[in-house]
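In: Turn this into a model:
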Amino acid sequence: MTERDVAMQRRIGVQGLAVAGLFGLLCGAARADGLAELNAALARLQGQMPIKAQVESKTWRREGEGKAAEEDSGQATVAVEGGPAGLQVLYSKEVLAKVEAEQRAKVKDTKAKAPIGFALGEMKATELRSMVSAADTLSREIEEAVFSGEKMDSYKGKPARLLSFTLSLDKVPEKDRKYVKKFEGGLEVWIAADGTPLASHFHVDVSGRAFVVISFTQKTDETRQYGVSGDHLLLLRKESKNAMSGAGEKVESKVVKTLQLQS
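Out: All right, here's what the predicted structure looks like:
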């Protein structure tokens, strides 16, 4: 091999490295665009058009352990109408009649169960608004988190991009932070090719000690499935699980909310 041939191979090698480096930068830029595309999708899905839907809540809670544990569960459905004027929640006559019957039963027996009222307790205005207009809630959560990466993934068997975020101790009320010894939290968001959210997973694990002798733990896990109708980002299904223990007490709960559009 002549000196000229060796020099030519060296030039080709250097050019190859340069092309590979440029390709890597372009791929990195493409991956980083996922966050920008997600934010752009949330900005355009602000939910100003009129919308009607039904939201169902299934609620379960257990306090204590063993035979001494007390359980409550309930199920309720409300109608929601949203638009430029705001949010309106409609309770059917059947639901109102059942709530009245439960209240009357409570007067006679303070230990009487109230499954409808229990489930309606999870139907707060802010929660219902996030079901028919989910963009603001997700946008706020992203702003409070730190973007940690993006990768190709799949959702329901179709290609998707997975954006990962980490949460900080700021999620814990300031007055309680001094008691926290361990905090782990994260948010994952699956997005479509155009940045539209498909699903998300929120999770927090906290443990610590208060007043020297009282240890505590709290775990929260929430999965969400999104959809789009007009300019609304809908929260089609949200499943929230929460487990707390401390001072000899243990509480577990699970809430599943689902949304169905109405014509």
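
In: now stretch 163-180, how far from the chain's geometric center?
Out: Here stretch 163-180 is found 16 Å from its chain centre; the criterion is CA atoms, centre = their mean, to the nearest Å.

In: what pLDDT, on average, does that stretch get?
Out: Stretch 163-180 shows a mean pLDDT of 82.

In: Okay, buried residues for that stretch please.
Out: Neighbour-count burial for stretch 163-180 flags Leu163, Ser164, Phe165, Leu167, Val172, Tyr179, Val180 (criterion: 16 or more other CB atoms under 10 Å). From N, CA and C alone the C-beta is placed, and that goes for glycine too.

In: need the helix or strand of this structure with the lowest average pLDDT.
Out: Using mean pLDDT, DSSP states H and E, the weakest-scoring helix or strand in the chain turns out to be helix 3-44, at a mean of 59.

In: which residue ranges form the helices in this protein?
Out: For the chain, helices defined by DSSP state H occupy the ranges 3-44, 93-108, 115-120, 125-132, 135-143.

In: who are the neighbours in contact with the residue nearest to Gln54 when sequence neighbours are not counted?
Out: Among residues not flanking Gln54 along the chain, Gln260 sits closest, at 5.0 Å (CB to CB, 6 or more residues apart in numbering). Contacts here follow CB atoms under 8 Å, 6 or more residues apart in numbering; on that basis Gln260 touches Ala53, Gln54, Glu56.

In: What's the separation between Gln260 and Ile214?
Out: 44 Å (CB to CB, to the nearest Å).

In: Poorly predicted segments of this structure, please.
Out: 1-32, 171, 211-213 (pLDDT under 70).

In: wait, which of the buried residues of stretch 163-180 is closest to Ala192?
Out: Leu163 (11.9 Å; CB to CB).

In: For the closest one, list each beta-bridge partner.
Out: Glu150, Val189 (DSSP bridges).

In: thinking it is in contact with Glu150, fair?
Out: Yes. Applying CB atoms under 8 Å, one finds Leu163 in contact with Glu150, separated by 5.2 Å.

In: where do the contact lists of these two overlap?
Out: In contact with both Leu163 and Glu150: Gly34, Leu35, using CB under 8 Å, 6+ apart.
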